[in-house]
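Colleague: Please find the sequence and the predicted model below.
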Amino acid sequence: FLVLERVAYYEISFKFFTMAEIIPVMVSTTIFPVLVEKIKLKPLERNKFIRTVFIANLLYGLFVYTFITSFSGDLIPLLFGQKYNLTSAYCNEMFLTILFFPSVLFQANLLVALKMERIDMYLNLLSLLINIGLAVSGLYITKSLSAINYSIFISFFIFHLSQEIYLIKKGITQIEHAFVFYIVLCFVLFGYTFFKTLIPVLYLFPIFWIIIFRHDLLQISQLILQIP
């Protein structure tokens, strides 16, 4: 569907994404035995652990996304040459998926720990079908690499939402928790995007995250942990 130049853009973007996803994959694998034990505990203690991990996943996804959108325009030409200076826009699109990727891994582990492997498999297949359907349709209509990136993002968003529906039914998470997750996500994304128009990212990125870790998200996180 696309010229080889666009394939190169995708490959470079995916190299960055692969590096970013290593940490949540390693953490997810490491904490799975702990998660199996925590599932057996009383609901209050179990839910506190689960929400703590959710907060960590949310922070990681937001941190990586804001870093990439801030510095990919400088990093990619520096590492791969000026002829790839257009890659950063597609890289930023691809990294929308990192906002959900860590949480999707963790929720998949939760489903498996609850002996819902079949549900997890069905949701994976659903995500795959949505991804392929949107990607093929988008490429046919737009002839743009963005169709691929947004297809992946939308499929992960639906995957994440579907997992939460099952976890809410099982009493592992609550609707309030899901609501706060998406509110915090939008709050940080729109806030950071707005301030990027006012402050150079070289200063904005460290200042923004110092403020986030010391005040806003810390307080919001404590509210999440207090939800019964």
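Modeller: Structure's in. What do you need?

Colleague: where in the chain is pLDDT low?
Modeller: 215-228 (pLDDT under 70).

Colleague: Can you list the helices and strands that the helix ranked longest in it packs against?
Modeller: In the chain, taking DSSP state H as the definition, the longest helix is helix 43-80. Helix 43-80 makes packing contacts with helix 4-38, helix 87-94, helix 101-113, helix 175-196, helix 201-211, helix 217-226 when contacts are defined by 3 or more C-beta pairs under 8 Å, 6 or more residues apart in numbering; DSSP states H and E. C-beta: built from backbone N, CA, C; applies to glycine.

Colleague: Quick one, which of the ones you listed gets closest to Thr52.
Modeller: Evaluated over the helices and strands packed on helix 43-80, closeness to Thr52 peaks at helix 217-226, with 7.0 Å, by C-beta to C-beta.

Colleague: just to revisit the earlier point, Ile148 is nearest to which of the helices and strands packed on helix 43-80?
Modeller: Of all the helices and strands packed on helix 43-80, the one in closest proximity to Ile148, counting by C-beta to C-beta, is helix 4-38 (6.7 Å).

Colleague: Now do that closest one: distance to the chain's middle.
Modeller: The gap between where helix 4-38 is centred and where its chain is centred comes out at 10 Å by C-alpha atoms, centre = their mean, to the nearest Å.

Colleague: and the angle for that helix with helix 101-113?
Modeller: Relative orientation of helix 4-38 and helix 101-113, computed by axes from the mean of the first three to the mean of the last three C-alpha atoms, to 10 degrees: 40 degrees.

Colleague: what's the burial count for the residue lying closest to Phe181 once chain neighbours are set aside?
Modeller: Take Phe181 and drop its neighbours on the chain: the residue closest to it by C-beta to C-beta, 6 or more residues apart in numbering is Leu58, 6.4 Å away. Neighbourhood size, Leu58 [other C-beta atoms under 10 Å]: 24.

Colleague: Check whether Leu58 really touches Leu185, as I assumed.
Modeller: Yes. With contact defined as C-beta atoms under 8 Å, Leu58 reaches Leu185; the gap is 6.9 Å.

Colleague: For stretch 33-52, list every residue counted as buried.
Modeller: Neighbour-count burial for stretch 33-52, counted by 16 or more other C-beta atoms under 10 Å, picks out 35, 38, 46-51.
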